[in-house]
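Q: Mind folding the following:
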Amino acid sequence: MANAGPSYGLSRDVRNRIEKKYEPELEEKLVEWIIAQLDNTVGRPEQGRYGFQAWLKDGTILGKLINSLYSDESKPIKKVENSQKAFKQMELVSQFLKAAETYGINKTDIFQTVDLWEGKDLAAVQRTILALGNLAVTKSDGHFHGDPSCFVKKAQENKREFTADQLSQGKNIIGLQMGSNQGASQSGMSYGKPRQIIG
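A: The predicted model follows:
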């Protein structure tokens, strides 16, 4: 939070915890992927959280990144233009976030515009871009560029079809959770019997 004033007490503790979640190694991996996905014309940020923030803050790289995951005729952000106006930059970041959700990123994995713009939670920005890379690798639609080993493929649906006969047979099976105890009984247990006191 380069432009934030001093914080004290609980505010400082919260800010410190958020800043500790930022991973420099992950930053490097994400920068490499973004450059491979787009091209070298996007440049390279200064190392560190504030360099990463400044690189992405105007929204142009994020807009180009999400568009690169679509075919030319179906790009979600129609105009990705560099602007010096703050509201235009924030609008472009918001368009990226909406497009990322449409692409398939869970809402819980998507940062808020202020997380990037004001540097409130740059770790959340990292998580969103990481989730985007994971999903892009998983889709295997030819739009992903870069090293796929940097990302984790999400589990794919494994839909199964059962016949009516198979389903009815399944109703007759007693699961272990239903008390299949192989003949054991409670007759030898001492639950509920009063204790004998020898005195």
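Q: What's the local residue count around Leu130?
A: Around Leu130 there are 19 other residues, counting by other C-beta atoms under 10 Å. C-betas here are computed from N, CA, C, even on glycine.
Q: Can you pull out the low-pLDDT segments for this protein?
A: 1-16, 18-19, 154-159, 174-199 (pLDDT under 70).
Q: which stretches of the chain form helices?
A: All helices of the chain, identified by DSSP state H, fall at 9-20, 24-37, 49-56, 60-67, 86-103, 113-117, 122-139, 164-170.
Q: Export these as CSV, with columns for distance to Val152.
A: Conversion of those to CSV gives the following (distance: least, C-beta to C-beta, whole Å):
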stretch, distance to Val152
helix 9-20, 23
helix 24-37, 12
helix 49-56, 21
helix 60-67, 18
helix 86-103, 16
helix 113-117, 22
helix 122-139, 5
helix 164-170, 33
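Q: To Pro148, which of those helices lies closest?
A: With C-beta to C-beta as the measure, helix 122-139 is the member of these nearest Pro148 (4.9 Å).
Q: Check which helices and strands the closest one sits against.
A: Contacting helix 122-139 under the criterion 3 or more C-beta pairs under 8 Å, 6 or more residues apart in numbering; DSSP states H and E are the following elements: helix 24-37, helix 49-56, helix 60-67, helix 86-103, helix 113-117.
Q: Not counting its neighbours along the chain, what's nearest His143?
A: Counting by C-beta to C-beta, 6 or more residues apart in numbering, His143 lies nearest to Leu69, which is 4.8 Å off, once chain neighbours are set aside.
Q: how far away is the residue lying closest to Lys153 once chain neighbours are set aside from Gly59?
A: Nearest-residue entry for Lys153: Thr138, 4.6 Å, with adjacent residues in sequence omitted and distances by C-beta to C-beta, 6+ apart. Between Thr138 and Gly59 the distance is 25 Å, computed by C-beta to C-beta, to the nearest Å.
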